[in-house]
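1. build the 3D model from these lines:
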Amino acid sequence: MAGAPASTAARDFVPAATAQAIAVSAGLWLVYFFYEQAIKSGLACSGDCNIRVDLLLIYPLLGVVSIIAIVVGIRSASSK
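-> Prediction:
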């Protein structure tokens, strides 16, 4: 059975990939939280911060990373 070792190795790799995807997603959300707090307190923004062009990059990035973490988590749960 040449395919058995590869499938076993893939199954052993899934929990680490799931934990890593969730950790990256959570870490990015945490960084974003502190960034927003800095914007709110005026540390990262001097003056009028009503127009937030930076969010055009941040929101899609957070969305994609979160979706990847969800998909990896669902695949991990369904493979058990």
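
2. what is the neighbour count of residue 26?
-> 13 (other C-beta atoms under 10 Å). For glycine as for every other residue, the C-beta is placed from the backbone atoms N, C-alpha and C.

3. residue ranges with poor pLDDT in the protein?
-> For the chain, applying pLDDT under 70 flags the ranges 1-14, 50-51, 80.

4. middle-most residue in it, spatially?
-> For the chain, the residue lying nearest the average C-alpha position, counting by C-alpha atoms, centre = their mean, turns out to be residue 25 (2.0 Å).

5. residue contacts, it?
-> 65, 66, 68, 69 (C-beta atoms under 8 Å, 6 or more residues apart in numbering).

6. put the buried members of those into a ChimeraX selection.
-> Selection of buried members from the contacts of residue 25 for ChimeraX, criterion 16 or more other C-beta atoms under 10 Å:
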select :65,66,69
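
7. may I see the contacts of residue 25 arranged in TSV, with secondary structure and distance to residue 78 as well?
-> Formatted as TSV, those follow (DSSP: H, G, I helix; E, B strand; the rest coil; distance: C-beta to C-beta, whole Å):
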residue	secondary structure	distance to residue 78
65	helix	21
66	helix	19
68	helix	16
69	helix	15
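
8. nearest to residue 29, of the contacts of residue 25?
-> residue 66 (7.7 Å; C-beta to C-beta).

9. sorry, back to before: what two of the contacts of residue 25 have the greatest distance between them?
-> Among those, 66 and 68 lie farthest apart (C-beta to C-beta), at 7.3 Å.

10. tell me which residues are up against the helix or strand encompassing residue 77.
-> Following DSSP states H and E, one finds residue 77 within helix 55-78. Helix 55-78 has contacts (C-beta under 8 Å, 6+ apart) with 14, 15, 17, 18, 21, 22, 24, 25, 28, 29, 32, 35.

11. contacts only, for the third one.
-> What it means is residue 17. Residue 17 makes contact with 72, 76, according to C-beta under 8 Å, 6+ apart.

12. quick check: residue 18 vs residue 77, distance?
-> Note on residue 18: its distance to residue 77, by C-beta to C-beta, to the nearest Å, is 8 Å.
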